[in-house]
Structures are given as structure tokens and as C-alpha cells.
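>>> sequence below, structure please.
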Amino acid sequence: MPLVRIAHRAGQIAGFGKRIGEVVFRSMQDTIKVPPKDNFQVITEHGADGLIYDPEYMGIARSEDVVLIQITISEGRTVEAKQALFRTLAERLHLELGMRMEDVFINLIETRKENWSFGNGVAQYA
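Model (predicted):
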């Protein structure tokens, strides 16, 4: 039931956003137990004026290659599972795509299950 939004700077190699999305989906499956096929993502590329971030917020030195990942999920995961997701995702993006871990910004939004409709105008979890 996650909806993932990935924003990155334009000018990366072809398929860069899709590759990030693949790592995100695998990491969610392994850490917060997202089921197979439950993969919905919006991937966008932005010019310098369309991806705004503070390069030093919280003492983390971000580069122009920062990637913003927002994941909307149903509520109920433990803090430990969320921390495992953050850690696993940053580590995998570093190891598999060469991204700096400092450039991986992740935001989770939790919502109640009745707030989802997967099609046909039906709240399947209500």
C-alpha cells in the first residue's frame, strides 16, 4: 500500500530514477514487509530551480545529487522497522548506485488504511 515519490536532479544517466525506485521497493519489502506487486511510484526529474533543499541542514553536507524520497504508507510500523528502512535504503543506494548516503533524504507519511482506494472507487481496506 505504499505510494512512493522520488525527486532527483535532471541530467543523471538514463533510467536513474527507475533504478532508485527498484532499490526503494526491494528495501520496503525487506524491512517494512511490503507485499509483492504493491509497487506504485511517481518519479520526477527537476532542474536546479525545481529541487530546493538546504545543503547543510542538521549538519549533513548534501551535494547537488540529493534525492528526495517520500513514502506514504499505512500506519502501524514500529520505529525500529522505519529505522531499518532508512538505513537499508541509504546503504543500498550507496552500494548499488554509488550515491552518497548524505544525499538520500527520506520522508515517511503514515495514513489510516481506510484512506486508500486502489481502483474502482472502492476503499478496499475500509
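>>> next one, pLDDT for residue 38 please.
Residue-level confidence at residue 38 comes out at 96, pLDDT.
>>> which non-adjacent residue is nearest it?
residue 1 (6.1 Å; C-beta to C-beta, 6 or more residues apart in numbering). Glycine gets a C-beta too; all of them are placed from N, C-alpha and C.
>>> now do residue 92
residue 23 (4.9 Å).
>>> regarding this protein, what is its longest helix?
Ranked by residue count and defined by DSSP state H, the top helix of the chain is helix 79-97.
>>> list the buried residues for the very next helix or strand once past it?
Once the chain leaves helix 79-97, the next helix or strand it forms, by DSSP states H and E, is strand 104-111. Neighbour counts over strand 104-111 (16 or more other C-beta atoms under 10 Å) mark 104-106, 108 as buried.
>>> same question, stretch 114-124
residue 116.
>>> now do the helices in this structure.
Using DSSP H, helices in the chain cover 16-31, 79-97.
>>> determine which stretch of these is the most buried.
helix 16-31 (a mean of 19; mean count of other C-beta atoms under 10 Å).
>>> next one: the residue nearest to residue 92 relative to residue 40, how far apart?
With distances taken as C-beta to C-beta, to the nearest Å, residue 23 is found 16 Å from residue 40.
>>> show the contacting residues for the spatially most central residue of the chain.
The residue lying closest to the centre of the chain (C-alpha atoms, centre = their mean) is residue 69, at 3.5 Å. Going by C-beta atoms under 8 Å, 6 or more residues apart in numbering, residue 69 touches 4-7, 20, 24, 89, 104-107.
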